[in-house]
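Trainee: make a model of this:
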Amino acid sequence: MLKEGLPKPAMNLLRAGFVVAVLAFAWLSLRGRMDEVGDALKDTSVPAALGGLALVLLGLLITAQLWLRLMAWADGPLPQRDGQAIFFIGQLGKYIPGSVWSIGAQADLARKHQVPARATVASGLLFLGYNVDTAVLVASISLLTGGLDSRWPAWVSLLALIGSLVGLTPALVRWAGTRIAGREVRISWVGTVEVAALMAGAWTAYGLALVLLAPGLPWHDLVALGGAFAAAYAVGVVIVIAPAGVGARETVFVLLLTPALGVGPATALALLARVVHTVADTSLAAAWWAATRRARLLPDRDHRSGAAADRNVIADAGHP
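Mentor: Numbers count the residues shown, from 1 in each chain. Next up, the predicted model:
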C-alpha cells in the first residue's frame, strides 16, 4: 500500500483486497466458536453487554487521540475527523496476520493529506510500542499488588515494571523514532505524561468493560481482569503471525484468570471480549468512513447546486 505511482484502479483493487482480507480473518478468528460465544452471552445481561461495548468504544477513541498526537509530533498533523477515519480504518489491518498491515493502510490513507509515509510509519510503530509498554506496566502492577497470581518469581514482574517505565522516557522514544522509523518525533516529558494519562484511561475502560461482561459483575476483580487483559494484549502483539493476537491472547488471558474465575468462566469471558472488541473496531471504522464520505459528498452536491443556480440566473437574464 505504500508504493507510489500505482494507477487508481490498482489502488482501488488493493484497498478492496484489504477489506476482504480483514473480514475473512475476523471471521476465521471466531469460526467454530459461536456456540460458546452464545453461551457466554446468555450469562450477560443486555445492559451489561451494551455497557461493555460502550466502554471498549471509549477506550478505542482514547487510543485514537494518542495516535493523532504522535502524528503531530512526527510532523504529520491531521484534522480530527479525517485523522480518526484514517486511524480506525487502518486499524482493521491488525486482523490480518503480521504487524505491518495497519501501518501500511494508515500511511496509504494519510498520503492523501500530504503526510509523508515516514511520519505515519514512525507514529504507527511508536503507537504499538506505547500500547505494549503500558500493557506490561499495567500487568506488572497487577501482579506485584497481588491482583493476579504470578507463576514466576516476583522479581521478574519487578524487572518488567522497571523496564516499562524506562521505555516511556522521552529520550528513548525519540531515539526509537529516529533509528527505527527514520523520523524524528518531538516528544517531551509533558508529552509523556499526556501519553501515560491517555493509556491509563484506555486500560481502565477495557478493564471496566470486562467487569460488565463477566457474570456476576465482579468489581473486586477489576485489577485482575485489567491486568490479565493487558498482559494478554502484549503477548498478542508480539505473536505477529496471529491476526489481532487471536489464540495467543485468549490463552494468556485464561491462564492468568483461571485462579480467580475458573477455567470455564475465564474462557467464556475471553471469547466475549474478543467479540466485543471486534464489533467495536469494525463499528468505528464504518462510522468514520461514512462520516468522511458524507463530508466529501456535501461540497460536491453544493457545488453542483451552485452551478445549476448560476445557469438558471444566466438563462433568466436572457429572457425579459
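
Trainee: wait, residue 118 sits on residue 178?
Mentor: No. Under the criterion of C-beta atoms under 8 Å, residue 118 is not in contact with residue 178, lying 10.6 Å apart. For the C-beta atoms, the positions are set from N, CA and C on the backbone; glycine is no exception.

Trainee: run through the stretch 1-150 of the chain and note the low-pLDDT ranges.
Mentor: 1-41, 98-99 (pLDDT under 70).

Trainee: would you map the helices across it?
Mentor: 8-28, 34-42, 46-73, 80-91, 101-110, 117-144 (DSSP state H, counting those that start in this stretch).

Trainee: not counting the fourth one itself, show me its contacts.
Mentor: Helix 80-91 is contacted by residues 60-61, 64, 67-68, 71, 78, 102-103, 105-106, 109-110, 113, 281, 284-285, 288-289, 291-292, 295 when judged by C-beta atoms under 8 Å, 6 or more residues apart in numbering.

Trainee: returning to that earlier point: residue 118 and residue 178: which is more packed in?
Mentor: Set side by side, residue 118 and residue 178 show more neighbours around residue 118, with 17 against 13, by other C-beta atoms under 10 Å.

Trainee: any idea how far the more buried one is from residue 177?
Mentor: Noted for residue 118: a distance of 10 Å to residue 177, by C-beta to C-beta, to the nearest Å.

Trainee: which residues are in contact with each of the two?
Mentor: Contacts common to residue 118 and residue 177, judged by C-beta under 8 Å, 6+ apart, are 74, 183.

Trainee: filter the contacts of helix 80-91 to the buried ones?
Mentor: Buried members of those, scored by 16 or more other C-beta atoms under 10 Å, are 60-61, 64, 67-68, 71, 78, 102-103, 105-106, 109-110, 281, 284-285, 288, 292.

Trainee: averaged pLDDT, the one helix or strand residue 285 maps to. What do you get?
Mentor: For residue 285, the element it lies in under DSSP states H and E is helix 263-317. For helix 263-317, the mean per-residue pLDDT is 73.

Trainee: excluding its backbone neighbours, what's nearest residue 252?
Mentor: Take residue 252 and drop its neighbours on the chain: the residue closest to it by C-beta to C-beta, 6 or more residues apart in numbering is residue 232, 4.2 Å away.

Trainee: contacts only, for that neighbour.
Mentor: Counted by C-beta under 8 Å, 6+ apart, residue 232 has contacts 245, 248, 249, 250, 251, 252, 253, 256, 270.

Trainee: and the two most separated of these?
Mentor: By the measure C-beta to C-beta, 245 and 256 form the most distant pair in the contacts of residue 232, at 14.4 Å.

Trainee: quick one: residue 89 from residue 205, how far?
Mentor: From residue 89 across to residue 205, the span is 21 Å (C-beta to C-beta).

Trainee: tell me which of residue 245 and residue 256 has more neighbours.
Mentor: Taking neighbours as other C-beta under 10 Å, residue 245 and residue 256 compare with residue 256 leading, 27 against 23.

Trainee: circling back: secondary structure class for the residue nearest to residue 252?
Mentor: helix (DSSP: H, G, I helix; E, B strand; the rest coil).

Trainee: neighbour-wise, which of residue 89 and residue 205 wins?
Mentor: Taking neighbours as other C-beta under 10 Å, residue 89 and residue 205 compare with residue 89 leading, 24 against 21.

Trainee: just the element for the nearest residue to residue 184 once chain neighbours are set aside, please.
Mentor: In this structure, residue 184 finds its nearest non-sequential neighbour in residue 178, 5.4 Å apart by C-beta to C-beta, 6+ apart. Per DSSP H and E: residue 178 is located in helix 170-179.

Trainee: ok, residue 192 touching residue 169?
Mentor: Yes. At 7.4 Å, residue 192 and residue 169 qualify as touching, with contact defined as C-beta under 8 Å.

Trainee: returning to what we had before: buried residues in the helix holding residue 178, which are they?
Mentor: In helix 170-179, counting by 16+ other C-beta under 10 Å, buried: 170, 173, 174, 176, 177.
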